[in-house]
Structures are given as structure tokens and as C-alpha cells.
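Engineer: My questions are about this predicted structure, shown below with the sequence.
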Amino acid sequence: MKRILVTGGAGFLGSHLCDRLLAEGNDVLCVDNFFTGPKLNVAHLRDHPGFELMRHDVTFPLYVEVDEIYNLACPASPIHYQLDPVQTTKTSVHGAINMLGLAKRVKAKILQASTSEVYGDPELHPQTEAYWGRVNPVGERSCYDEGKRCAETLCFDYWRQHRLRVKVVRIFNTYGPRMHPDDGRVVSNFVVQALKGKDITIYGDGRQTRSFCYVDDLLEAMIRAMNTPDEVTGPINIGNPCEFTILELANLVIDLTASRSKLIFKPLPADDPRQRQPDITLAKKLLGWAPRIELKEGLESTIRYFEAQLSGAMAQAEVIPIARARELSD
Ligand code: NAD
Ligand code: UDP
Ligand code: UDP
């Protein structure tokens, strides 16, 4: 049994990670300031003997004793990270310094949740880890992109300078149950709009692409990355390489929800990347991992979640991982 700290543990990815780590028999300390992750996401874990929830902002020092740290604390959607951009940079940079300092003191391993945004609006397609990116340092997305880039720099300097065991994973667009319904991300927006019969908002001409990874697949890669030998530091791309245009996504959501929603076109946000697809050759090699859940199946599960949430019928605890749902239906 390990003692594992998950920062941002009440968020979309963090709450599923807490579920997984507890199911594997670990003790989990979930630290969150509840900026974008509601307590409800982890309410079902409250009485679990291995679970502890602490309200704390990672921009302040944290003194606890743990074996591993998953550093996920940071708002991830543009709407949220642009609300208080200075705080976003502080969360990434001061948060990373504090978590790395903590890892150094207690000799813990630390996994940093980085992002495909470190590639900015890329000229190289698909993106490999060797690509340095094309990021605007002074734009509206910079607080997030540059904050995450600096957090990566810090991880590698702690590794070189202090021999700290670090694992940097670059997460590409991920979706699934417990996404925040109002966070403006494309999957949650489209699903909620389709279920409510509202217009589906396509930004730009909808021909920009993204590659969508289902949350269960992503967590498997994250946990495998944490368990790699010490010399494996990353960065490692994790995501699903199947690429779709935003228009294709919208039409698939409409089909799966049998919605009558219409598509409407709105201006493309500043610095919105045209194309994004991970090259996951390295993840396949180092982690023996590849995503297994196709967009249609992942969307069906996400739609079921939002349907239940919108009707007020489902407690958060009832999210069933797809692998388990498959077993139950066999
Ligand atoms: P999320 O917004 O649902 O979760 C982030 C969590 O961090 C929230 O619970 C929030 O309250 C918490 N938080 C924010 N600032 C904090 C602070 N200063 N101190 C303590 N807690 C704080 O987002 P998510 O999608 O679950 O993303 C988790 C991590 O993964 C983030 O670091 C994000 O950058 C990264 N990531 C996510 C995606 C994706 O597609 N979901 C893609 C790339 C990277
Ligand atoms: N820190 C923390 N918890 C710890 C140890 C350190 O939050 O258990 C923070 C502390 O705020 C410190 C930062 O991590 O400033 C970086 O720590 P490090 O030891 O690398 O550098 P220091 O600034 O202490 O020289
Ligand atoms: N997008 C859209 N309609 C929406 C929300 C997003 O067309 O209602 C587009 C957005 O402009 C971007 C893509 O979908 O091109 C993915 O957006 P998201 O915010 O989910 O992720 P990111 O841009 O960070 O990859």
C-alpha cells in the first residue's frame, strides 16, 4: 500500500484517479481548492477508509508525508484558466515548486500533468515529444501554456539538480463523465447542448481537428507512467491519436443523442490550434499502452452521465468505468 497525494483530486481527471488508486488498495490524500472541481466529485469517497480530503491551494507550501504525488491541480478549460490568469500561472509555477519541494523533502516520486498545449499551434503534425512547440508567450492562452511549460522546466531541473524522480506526461484532449458541464470544453458543450435541444456552437468553420481520449484510457497511461523505472522521466504524450474535425464530433453527438439541435457558427477564439494529434509511439514503447476506447463508445458513456446529471437522477458515485460496464453486460 502506498500513500498517494493527488492535487486537483476533486477535478474531472483527479476524481477518477482517486477512484482508481483507492481501488488498487492505496491510501489517497486528495488536495484541492475546489476552484473548478466540486466536492461532489469525491463525495462518494468520503467514508472510504483510505481516503482523505483536504482543502488547500497548491500555491502555498504543503507539509505531508507521502510516497507518490500526482500533480494535477490547475484549471484546464480556457474559460476557467482565463478567469484569473495570474492565479493560473501561479498555480502551475508556484504549485509545481511546492510539490517538487515536497517530493524532494520526503523522497517521493512525482508525476506532473502537463498538456498538449505546450506545443501551442503546432507546425509539426502529429506532435512528437521532440517538437519544441509554437506558443504565443503574451496571448490569452499563455498563462496556461507557458505556466505548464515552466512547470515542465522545473521538473527537469529538479531531476538534473536533485535527482528527484519525475514523470512528465503531456495530456491531449480527454473527455468523460464528471467533466464540468459549464467549462466550455467542446465535448461537454456539445453533449449538454444536444441533450437540451439547444444550438450546437461550432467555433470557426469547424474544420479544426482534435483527438479525443476517454478518461479510463488516460488514467491507465498515467498510472503506468508513474510506475516506470526511475530513468524514465518523460515527457511522454498520452492521448488518443484518432483525429476528428469539430464538425465530425458535432454530427456524431447529434446522432448518438438523436437530437434536433442545429449547428451554429461562432468566431474562433484567439490562438485556437488548427490541428492536434498526439504521436504516441513513445507511450506505446515505454508504457506498453495504447488507448482502447473508441470515440463512439466513450461518447455514449459521457452522454449517459450528462443525461442522468441533467435529470438529477444520478449520484456522482455511480460512474462505472467502461471496462467494468463491459464485464457487467457480458
Ligand atoms: P479540472 O479543472 O476538472 O481539475 C483541476 C482541479 O484542480 C480542480 O479540482 C480544481 O479545483 C483544482 N485546482 C485548481 N487550482 C488549484 C490550486 N491552486 N490549488 C489546489 N487545487 C487547484 O481539470 P482536469 O481536466 O481534471 O485537468 C486536470 C489536470 O490535467 C490539469 O493540470 C490539466 O492542466 C491537465 N490536463 C487536462 C486535459 C484534459 O483534456 N482534461 C488535457 C491536458 C492537460
Ligand atoms: N515545500 C513544501 N513542502 C515541503 C517542502 C517544501 O511545500 O515539504 C515548498 C516550500 O515552499 C519551498 C518549495 O517547496 O519553498 C521548494 O522547496 P525546495 O526544498 O526545493 O527549495 P527551498 O525554497 O526550500 O530552498
Ligand atoms: N469548440 C467549439 N465549440 C464549443 C467549444 C469548443 O467549436 O462549444 C472548439 C474550440 O474552438 C477548439 C476545439 O473545439 O477548436 C476544442 O476546444 P476545447 O476547449 O475543448 O479544447 P482545446 O482548445 O483546449 O483543445
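Structural biologist: Great, that's in hand. Ligands and ions are numbered 1, 2, ... in the order given.
Engineer: residues near E123, how many?
Structural biologist: For E123, the count of nearby residues is 11 (other CB atoms under 10 Å). Every residue, glycine included, has its C-beta placed from N, CA and C.
Engineer: sorry, that was for Y70
Structural biologist: Neighbour count of Y70, defined by other CB under 10 Å: 29.
Engineer: what's the helix or strand for A130?
Structural biologist: Under DSSP states H and E, no helix or strand contains A130.
Engineer: show me what contacts it?
Structural biologist: Counting by CB atoms under 8 Å, 6 or more residues apart in numbering, A130 makes contact with nothing.
Engineer: mind checking how far it is from ligand 1?
Structural biologist: According to CB to the nearest ligand atom, to the nearest Å, A130 and ligand 1 sit 19 Å apart.
Engineer: Tell me the confidence at that residue?
Structural biologist: On pLDDT, A130 comes in at 97.
Engineer: Kindly report the same for L310.
Structural biologist: 89.
Engineer: So it versus I171, what's the distance?
Structural biologist: L310 sits 27 Å away from I171, going by CB to CB, to the nearest Å.
Engineer: before we move on, what about I110?
Structural biologist: I110 is 16 Å from I171, by CB to CB.
Engineer: send the alpha carbons of stretch 241-256 over as CSV?
Structural biologist: Provided in CSV are the C-alpha atoms of stretch 241-256 (Å, rounded to 0.1, in the frame of the first residue of the first chain):
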residue,chain,number,x,y,z
PRO,A,241,-4.4,9.6,-31.9
CYS,A,242,-7.7,9.2,-33.7
GLU,A,243,-8.3,12.7,-35.1
PHE,A,244,-11.7,14.2,-35.8
THR,A,245,-12.8,17.6,-37.1
ILE,A,246,-15.0,19.6,-34.7
LEU,A,247,-17.8,19.3,-37.3
GLU,A,248,-17.5,15.5,-37.2
LEU,A,249,-17.7,15.5,-33.5
ALA,A,250,-20.8,17.7,-33.5
ASN,A,251,-22.6,15.4,-36.0
LEU,A,252,-21.6,12.2,-34.0
VAL,A,253,-23.0,13.8,-30.8
ILE,A,254,-26.3,14.7,-32.6
ASP,A,255,-26.6,11.2,-34.0
LEU,A,256,-25.9,9.5,-30.6
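Engineer: what does that stretch contact?
Structural biologist: With CB under 8 Å, 6+ apart as the test, stretch 241-256 has contacts from 126, 186-187, 190-191, 194, 200, 202-212, 259, 261, 263, 275-280, 291, 294-296, 299-300, 303.
Engineer: Show me which of those are buried.
Structural biologist: Among the contacts of stretch 241-256, the ones that count as buried by 16 or more other CB atoms under 10 Å are 126, 186-187, 190-191, 194, 200, 202, 206, 208-212, 259, 261, 275-280, 291, 295, 299, 303.
Engineer: touching ligand 3 at all, whatever helix or strand V253 lives in?
Structural biologist: In the assignment (DSSP H and E), V253 maps to helix 246-257. Yes. Counting by CB under 6 Å from any ligand atom, ligand 3 has neighbours in helix 246-257: I246.
Engineer: Can you list the strands that the first helix or strand past that helix going along the chain pairs with?
Structural biologist: Sequence order places strand 263-266 as the next helix or strand after helix 246-257, per DSSP H and E. According to DSSP bridges, strand 263-266 forms sheet pairs with strand 200-203 (parallel).
Engineer: distance between the strand it pairs with and the chain's centre?
Structural biologist: 22 Å (CA atoms, centre = their mean, to the nearest Å).
Engineer: That one and ligand 3, are they touching?
Structural biologist: Yes. Using CB under 6 Å from any ligand atom, strand 200-203 comes into contact with ligand 3 via 201-203.
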